[in-house]
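**Student:** Build me a model:
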Amino acid sequence: SAFLQLMPTYAGTVGLAAVAAFLPSIAMISNIVGKLVLGWLADAVGPRNATLCGFGVGVTAFALFLASNGNVGMVMVAAALFGVVTVNVPLLVRSAFGSKDYGTLFSYVSIGTSLVGSLGISVYGFLFDRFGSYDPGLMLGIGTGVASAALLLVGMAAAKRLMGAAHVRSGAVQAEEPAF
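**Tutor:** Residues are numbered from 1 along each chain as shown. Have a look, this model is predicted:
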């Protein structure tokens with residue numbers, strides 16, 4: 001996320017310049033742990049549910065940054081939680097649509113997520129310039145996490161219906177069932 005790149009600047013705006021450079025490091029180290037934990041969780045409860053948990057952690061991280069009021073401990077916990085967040089996009093694509101045409105489908109999804117993600121730092125910068133605070137950007141992060149969770153649920157349900165209809169049309173008796 002773009003906010004990772006802005007953590008040092010955010011820290012300076014809330015009076016935590018002394019730990020500004022440390023926050024992205026905390027997030028990056030916890031990202032390693034997050035990938036392992038969310039990978040294990042995806043195996044245990046499915047990619048959709050693991051990703052929903054990841055969105056929950058991300059929303060919590062943004063909320064902690066927002067509520068921290070310059071509390072160094074709270075900001076460090078928020079940075080660690082922020083780092084845990086990882087999106088299981090490859091697993092979600094395979095789960096939703098199966099293995100057939102996976103390479104093509106995943107490339108389209110990757111292009112979309114990259115394009116949307118590339119706007120993030122500009123949006124945070126614009127909001128900071130407009131309001132003089134990172135709070136609106138943090139609120140946007142919370143809203144984006146909640147909206148992403150809702151869209152994930154809707155998208156996975158739509159993919160399940162789409163795949164079911166495709167299997168009926170193809171006459172497949174034992175079709176590959178996406179794992180939700």
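
**Student:** Past the one helix or strand in the chain whose mean pLDDT sits lowest, which element shows up next along the chain?
**Tutor:** Lowest mean confidence among the helices and strands of the chain (mean pLDDT, DSSP states H and E): helix 89-97, at a mean of 83. Per DSSP states H and E, helix 89-97 leads on to helix 102-131 as the next helix or strand towards the C-terminus.

**Student:** Remind me what the least confident helix or strand of the chain packs against, helices and strands.
**Tutor:** Applying 3 or more Cβ pairs under 8 Å, 6 or more residues apart in numbering; DSSP states H and E, one finds that helix 89-97 contacts helix 47-67, helix 102-131, helix 135-170. For the C-beta atoms, the positions are set from N, CA and C on the backbone; glycine is no exception.

**Student:** Let me have these in TSV, adding mean pLDDT as columns.
**Tutor:** Output for the helices and strands packed on helix 89-97, formatted as TSV (pLDDT from 0 to 100):
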stretch	mean pLDDT
helix 47-67	94
helix 102-131	90
helix 135-170	86
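
**Student:** can you tell me which of those comes nearest to residue 1?
**Tutor:** Of all these, helix 102-131 sits nearest to residue 1, with 6.2 Å by Cβ to Cβ.

**Student:** what's the angle between that closest one and helix 135-170?
**Tutor:** For helix 102-131 against helix 135-170, the angle by axes from the mean of the first three to the mean of the last three Cα atoms, to 10 degrees is 160 degrees.

**Student:** Helix 102-131 relative to helix 89-97, how many degrees between them?
**Tutor:** Between helix 102-131 and helix 89-97, the angle comes out at 120 degrees (the same axes, to 10 degrees).

**Student:** Which elements pack onto helix 102-131?
**Tutor:** Contact here means 3+ Cβ pairs under 8 Å, 6+ apart; on that basis helix 102-131 packs against helix 2-13, helix 89-97, helix 135-170.

**Student:** Show me how far that helix is from its chain's centre.
**Tutor:** Here helix 102-131 is found 11 Å from its chain centre; the criterion is Cα atoms, centre = their mean, to the nearest Å.

**Student:** Against residue 5, how distant is residue 122?
**Tutor:** According to Cβ to Cβ, to the nearest Å, residue 122 stands 11 Å off from residue 5.

**Student:** which residues are common contacts for those two?
**Tutor:** Listed as contacting both residue 122 and residue 5 by Cβ atoms under 8 Å, 6 or more residues apart in numbering is no residue at all.

**Student:** residues in contact with residue 17?
**Tutor:** Residues near residue 17 by Cβ under 8 Å, 6+ apart: residue 11.
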